[in-house]
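In: take a look and give me a structure for this.
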Amino acid sequence: LPTTAGVNPPPYRRMSTRLDCVAEDTVYLRVGGVLRPRVLMRPVAEPVLAGMWSFRLACVNPPSARDAAGSPSTFVLRTYLSYTDEANAEGTNAIADVGATADGFQIRSEMPRAEIVNDVDYALSGRNDHAGQPSNVILAFELREDPALSGTHLLEVQAPEGFVFQSRCKTRIGQGIFGLSLKHPEPYRVFDDGVQVLSCTGYLNIARIQLTPGLHRGRFYAFSVLVNEQPAVEPPINAWKLAYGLEASAALPGYPLWTLRAPGLSSLFTNARVEAAPVDNIVEFTFTPTNTLTVRGALLVIAPTGYMVRTACSVEVWQIAADAAFGDAALPSPFCRGEQPPGRRAQIRLESETAVLATGFCYPA
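Out: Presented below is the predicted three-dimensional model:
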């Protein structure tokens, strides 16, 4: 169960061996008279040594909360010293340890709607999509049924892997999350009067918010939660999830982090510089911006130690066509300026009002 840093949380150990995994839709494991789907995992090359281990298994949840409620909610785990008779797991195979069961997770009804609210003023709301930075993220959800009027209610936020909430996370459910003194825009609304935050507990990419009762179905509630650290790169599965009581959202598409994506580098020469007869090298960078750059912006290049960029440097910038049927387009009048005296930094600017480095396009420079 690797974390975003590639290190397992204690007391779990990262498996050093590869597992061969086969899911059999038509073969079932009989446990207590109930037929269940079976998944067979075998170590490849190296054994699984004694100790505490963890693994992840991709699966599909039951189609509805009602279907899940009508079947056993436990997962069964068994180990075998040898396993040859796949049709009879309890017969001729040599059992290693006595089998174990683990309580399953609750299958919830799907919320009518839920979303990450992206149409916000970043400065006023505290939103920041830069990688590695903290950010106030506003989310919204609607309940299908009225929750219970007693007890403590749990609102759970699950961000993609790599996002981090601090142990005492911060959340806001009232006015001002869109900006100081600003009201909620339509169709969002504040949590009902009397609903209070009792606690907010974060662990890695999950925040659990304890609330007093008082919410109602059919209202599109908005709240904010502070992400203390965003990942350095966009996660491969960029999806968020919300859960409140017996209801949960579908996967919510995450927002793209403000990073230069798919960077590439090539060079005309790779030999060391000869001081007696220096030769200009040509380095080509290929990148895809998340935010569009205009004449007001700039692209800063910092070379490794030992490189030198002339003060009056030259540059060409091309936009790579997304469709091969169209040719690449040269951006007009790019301007390059190195340091004085020459160092390893250079600024690239666009001098034409019609020239932009547009989001989602690939550029070599």
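In: Leu19 against Arg42, yeah?
Out: Yes. Between Leu19 and Arg42 there is a contact under Cβ atoms under 8 Å: 6.8 Å. From N, CA and C alone the C-beta is placed, and that goes for glycine too.
In: can you pull out the strands in the stretch 51-200 of the chain?
Out: Using DSSP state E, counting those that start in this stretch, the strands of the stretch 51-200 of the chain run over 74-82, 94-103, 109-110, 113-116, 135-142, 153-158, 171-172, 197-203.
In: with distance to Gly306, mean pLDDT and mean neighbour count added, can I get those in JSON lines?
Out: What follows is these, written out as JSON lines (distance: least, Cβ to Cβ, whole Å; pLDDT from 0 to 100; neighbours: other Cβ atoms under 10 Å):
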{"stretch": "strand 74-82", "distance to Gly306": "55", "mean pLDDT": "81", "mean neighbour count": "13"}
{"stretch": "strand 94-103", "distance to Gly306": "56", "mean pLDDT": "80", "mean neighbour count": "11"}
{"stretch": "strand 109-110", "distance to Gly306": "57", "mean pLDDT": "85", "mean neighbour count": "14"}
{"stretch": "strand 113-116", "distance to Gly306": "44", "mean pLDDT": "94", "mean neighbour count": "18"}
{"stretch": "strand 135-142", "distance to Gly306": "37", "mean pLDDT": "95", "mean neighbour count": "21"}
{"stretch": "strand 153-158", "distance to Gly306": "45", "mean pLDDT": "94", "mean neighbour count": "19"}
{"stretch": "strand 171-172", "distance to Gly306": "48", "mean pLDDT": "94", "mean neighbour count": "20"}
{"stretch": "strand 197-203", "distance to Gly306": "43", "mean pLDDT": "94", "mean neighbour count": "16"}
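In: and these: which comes nearest Phe220?
Out: strand 135-142 (5.0 Å; Cβ to Cβ).
In: quick check: the residue nearest the centre of the chain vs Thr74, distance?
Out: Central residue of the chain (Cα atoms, centre = their mean): Pro160, 3.1 Å from the mean position. Per Cβ to Cβ, to the nearest Å, Pro160 is found 28 Å from Thr74.
In: what do you get for Tyr122?
Out: Distance, Tyr122 to Thr74, by Cβ to Cβ: 46 Å.
In: do the same with His216
Out: Computed as Cβ to Cβ, the His216 to Thr74 distance reads 34 Å.
In: Glu351 now?
Out: For Glu351, the distance to Thr74 (Cβ to Cβ) stands at 67 Å.
In: same deal with Leu19?
Out: For Leu19, the distance to Thr74 equals 22 Å [Cβ to Cβ].
In: same question for Leu350.
Out: Taken as Cβ to Cβ, the span from Leu350 to Thr74 is 61 Å.
In: same thing with Ala102?
Out: 6 Å.
In: got a list of what the nearest residue to Asn238 once chain neighbours are set aside touches?
Out: Leaving out its chain neighbours, the residue that sits closest to Asn238 by Cβ to Cβ, 6 or more residues apart in numbering is Gly254, at 3.7 Å. Residues in contact with Gly254 (Cβ atoms under 8 Å, 6 or more residues apart in numbering) are Ile116, Ala159, Pro160, Pro235, Asn238, Ala239, Trp240.
In: pLDDT score for the last one?
Out: The model reports Trp240 with a pLDDT of 95.
In: equivalent analysis for the fourth one, please.
Out: In the predicted model, Pro235 carries a pLDDT score of 87.
In: dump the residue contacts of the closest residue in space to it that isn't next to it in sequence.
Out: Spatially, and ignoring its direct neighbours in sequence, Pro235 is nearest to Pro160 (4.1 Å; Cβ to Cβ, 6+ apart). The contact partners of Pro160, taken as Cβ under 8 Å, 6+ apart, are Asn205, Pro231, Pro235, Ile237, Asn238, Ala239, Trp240, Gly254.
In: can you check Ala23 too?
Out: Residues near Ala23 by Cβ under 8 Å, 6+ apart: Pro37, Arg38, Val39.
In: what's the following helix or strand after the helix or strand in which it is found?
Out: Assigned by DSSP states H and E, Ala23 falls within strand 18-31. Of the helices and strands lying after strand 18-31 in sequence (DSSP H and E), the nearest is strand 34-44.
In: buried residues in that following strand, which are they?
Out: Neighbour counts over strand 34-44 (16 or more other Cβ atoms under 10 Å) mark Arg38, Leu40 as buried.
In: could you give the angle of it to strand 74-82?
Out: 50 degrees (axes from the mean of the first three to the mean of the last three Cα atoms, to 10 degrees).
In: now do strand 34-44: which elements does it pack against?
Out: On a contact count with 3 or more Cβ pairs under 8 Å, 6 or more residues apart in numbering; DSSP states H and E, strand 34-44 meets strand 18-31.
In: relative to Ala131, how far out is the nearest residue to Pro231 once chain neighbours are set aside?
Out: In space, and not counting its chain neighbours, Pro231 is closest to Gly162: 2.8 Å by Cβ to Cβ, 6+ apart. Distance, Gly162 to Ala131, by Cβ to Cβ: 9 Å.
In: joint contacts of those two?
Out: Residues touching both Gly162 and Ala131 by Cβ under 8 Å, 6+ apart: Gln230, Pro231, Ala232, Val233.
In: closest one of the residues you listed to Arg56?
Out: Distance to Arg56 across these (Cβ to Cβ) is lowest for Pro231, with 18.2 Å.
In: need the contact list for the closest one.
Out: Taking Cβ under 8 Å, 6+ apart, we find Pro231 in contact with Thr4, Ala131, Gly132, Pro160, Glu161, Gly162, Phe163, Leu257.
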